[in-house]
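Asker: Here is my input; please provide its structure:
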Amino acid sequence: EDGIRDRDVTGVQTCALPIFNYSVSALAGAIWRSPILCVVLSLVFWFSCSLLGWMKSGMDRLYIDKIRINRIVQADQTLFIANEIGGLYRWDSEKSDWREAFETDRPEAVQLRMTLGAMDAVPRQLRPFGFIYDRNRELLVVGQRNFMQQSILHVGREENEWRDEEGVSLPFGALNVLEEPDGKLVVFTQAGLYRLVGDPVADAKGPKLFGFKVPLLSRDPFQPCGPEPGLSLGDRAIAAIHGSEAKIAIFSRATITLLAKSEQGIYEQVRDKKLEIDPSTDGVIAYAGNRLLLGLENGALQLFDANTLELVKEWKWERETPPRFLAASNNGNYFSVVLHNGSLWVIDAETNTAIRPSMREQGGICAATFAGDNELLIGSQSNRTMRYDVSTWKRQEAYAGSSTIWEKAYYYVVRPLHAVLPKPGELSDTLQFLVSGKLSVAQDSRRTDLQTAQKQLDPWNPVWSGAAFLLVVLGLGCVYMQRAEF
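Answerer: Numbers count the residues shown, from 1 in each chain. All right, here's what the predicted structure looks like:
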């Protein structure tokens, strides 16, 4: 596919661009009858279209895509959102706007944020994880890896205005932070599970070597909690914890593994199942009630009976667009699925049916999470979060913050102009779609996974917009020629 795209798209673009230039030149010649002016206007038109395309592509890659919501956290009465590069914001009900949380002046944090912003896609090795409210300690916790791949737990407290406090180092190979039904935190690693039993901030005081924390075993606030024997998972392993029972589902190397907590507080393996798929296949997982939902990179959504791990039903939606985020209600009645193209689907686990709710945000949804048994929070763009009642699909509340001047310029100037002008530079999307048949494309599979935002193709937009532009310009030229007196 890459070879066809790189070799042929340049030729397609080279052939398409003169067609649009000639149409502009013909209209200018019909009106002003000046060869020099025709050439000048053609060059100005070409430069304007190219500049606009570069502007939109640059703003998408470096700004708009990086500030989109990808996590929503309900912390008691406070609502938080996080964007692609880990920026965290809380809703200020008095000002009806989002305020920055986890503010910090640490140079390494600022440097990491700037580095992630300059990348085409946030690599999974540097992506923040966790985003959980520890209701027992009244802390918001986030796991963050640094450039040395050392995972640090960061916390925020309401009494400290939710400022960033650097906590303890997480166990080696940490992949995620999970919350047990009783509110305790468990760190999911490639080797096993570790429960947080100490103070995540007080126990962080210790020596540093070359600016990085040196773990002290005597002050380690984490306690191993199974399983035995330990796990040996890949670095793309994912896990989900049951909302009301101390059970954990793990997906790694094409294998589903279920763990359950014993009376001693240790997680033990209950059952596992090897799927007949490529072991390198990425996935996302959610677990609630007696159902387990697994989403795969080929676009398949598989619903399993958690008691037997037998497949109950499978779906593929919207040209096999892969899922990005899954969430489950605590009562196990519903699963939410956010696809990479911005669509939201909801699965009723009792009837094993799926619907695509009719809502204005469809096609631009970035994240979704359940705030209760029947309440779903969805996020779109960088500052819009809505609360819906799943039983009626009526919007209950909207949290819409103010936009920056760059967002306003993008949504009200750059994007509308880009939509109406021809864009031969995007014919590569058309050819890529014809070759692969996919509307979502991973940007770098070696550094990303299924939770990393994928490039969305709009293959026919450059074709139809270009055709419409030609018809309008040539139509204006014909009308002028018919009415002009020579």
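
Asker: in which helix or strand would I find the residue nearest to Q269 when sequence neighbours are not counted?
Answerer: Leaving out its chain neighbours, the residue that sits closest to Q269 by Cβ to Cβ, 6 or more residues apart in numbering is P227, at 5.1 Å. Where you see a C-beta, it was placed from the backbone N, CA and C, and this is true even at glycine. Of the helices and strands defined by DSSP states H and E, none includes P227.

Asker: next one: phi and psi at P227?
Answerer: Main-chain torsions, P227, degrees, to the nearest 10: phi -80, psi 170.

Asker: number of nearby residues for it?
Answerer: P227 has 20 neighbouring residues, counting by other Cβ atoms under 10 Å.

Asker: tell me which helix or strand of this structure sits lowest on mean pLDDT?
Answerer: strand 212-213 (a mean of 54; mean pLDDT, DSSP states H and E).

Asker: ok, then the element right after that strand?
Answerer: strand 222-224.

Asker: Might you report the residue contacts of the residue nearest to Q269?
Answerer: 192-193, 259, 266-269 (Cβ atoms under 8 Å, 6 or more residues apart in numbering).

Asker: quick check, nearest of those residues to P357?
Answerer: Closest to P357 out of the contacts of P227 is L259 (32.7 Å), distances taken as Cβ to Cβ.

Asker: what about the closest one, how many neighbours?
Answerer: If we define neighbours as other Cβ under 10 Å, then L259 has 24 of them.

Asker: Assumed it was part of a strand.
Answerer: Yes - according to DSSP: H, G, I helix; E, B strand; the rest coil, the state of L259 is that of a strand.

Asker: Name whatever forms a beta bridge with it.
Answerer: Counting by DSSP bridges, L259 forms beta bridges with I248, Q269.

Asker: Settle this for me: it is touching D272, isn't it.
Answerer: No - with contacts counted by Cβ atoms under 8 Å, L259 stays clear of D272, the gap being 9.6 Å.

Asker: Can you tell me what sits against the helix or strand L178 falls within?
Answerer: Per DSSP H and E, L178 falls inside strand 174-179. Strand 174-179 is contacted from outside by 129-130, 132-134, 141, 143, 151, 153, 170, 185-190, 233, 235, 237-241, 248, using Cβ under 8 Å, 6+ apart.

Asker: Among the residues you listed, which are located in helices?
Answerer: In helices, judged by DSSP state H, none of these are found.

Asker: Quick check on those residues: which are buried?
Answerer: 129-130, 132-134, 141, 143, 151, 153, 170, 185-190, 233, 237-241, 248 (16 or more other Cβ atoms under 10 Å).

Asker: In strands only, show me those.
Answerer: Those of the buried ones among the contacts of strand 174-179 mapping onto strands are 129-130, 132-134, 141, 143, 151, 153, 185-189, 238-241, 248, per DSSP state E.

Asker: Contact partners for Y411?
Answerer: S403.

Asker: and it, that one's in a strand?
Answerer: No - looking at Y411 with three-state DSSP, it is helix, so not inside a strand.

Asker: where's it relative to G425, distance?
Answerer: Going from Y411 to G425 by Cβ to Cβ, to the nearest Å gives 21 Å.

Asker: likewise I85?
Answerer: 26 Å.

Asker: Neighbour count for these two, which is higher?
Answerer: I85 (22 against 17).

Asker: so the residue nearest to the more buried one when sequence neighbours are not counted, which of the three states?
Answerer: Sequence neighbours aside, L116 is the residue nearest to I85 in space, at 4.2 Å (criterion: Cβ to Cβ, 6+ apart). With three-state DSSP as the basis, L116 sits in helix.

Asker: can you pull the contacts of L116?
Answerer: 66, 84-86, 122, 126.

Asker: Among those residues, name the buried ones.
Answerer: For the contacts of L116, buried by 16+ other Cβ under 10 Å: 66, 84-86, 122, 126.

Asker: Mind checking which of those residues are in strands?
Answerer: Per DSSP E, those never map to strands.

Asker: closest to T353 among those residues?
Answerer: E84 (32.0 Å).

Asker: ok, that closest one - contacts?
Answerer: E84 neighbours (Cβ under 8 Å, 6+ apart): 65-68, 70, 116, 122, 453.

Asker: Mind checking what secondary structure the residue lying closest to V73 once chain neighbours are set aside has?
Answerer: Leaving aside its sequence neighbours, V73 sits nearest to F80 (Cβ to Cβ, 6+ apart; 4.2 Å). What three-state DSSP gives for F80 is strand.

Asker: ok, F80 - contacts?
Answerer: Counting by Cβ under 8 Å, 6+ apart, F80 has contacts 71-74, 88-91, 101, 131, 140.

Asker: Tell me the bridge partners for it.
Answerer: For F80, the beta-bridge partners are V73, R90 (DSSP bridges).

Asker: what's the spacing between S50 and K56?
Answerer: In terms of Cβ to Cβ, S50 sits 11 Å off from K56.

Asker: Those two: which is more packed in?
Answerer: Taking other Cβ under 10 Å, S50 and K56 do not tie; K56 has more neighbours (19 against 14).

Asker: Wait, that one touches R415, no?
Answerer: Yes - using Cβ under 8 Å, K56 is in contact with R415, at 6.8 Å.

Asker: Skipping its backbone neighbours, what lies nearest R356 in space?
Answerer: Using Cβ to Cβ, 6+ apart, the nearest residue to R356 is W345, at 5.3 Å.
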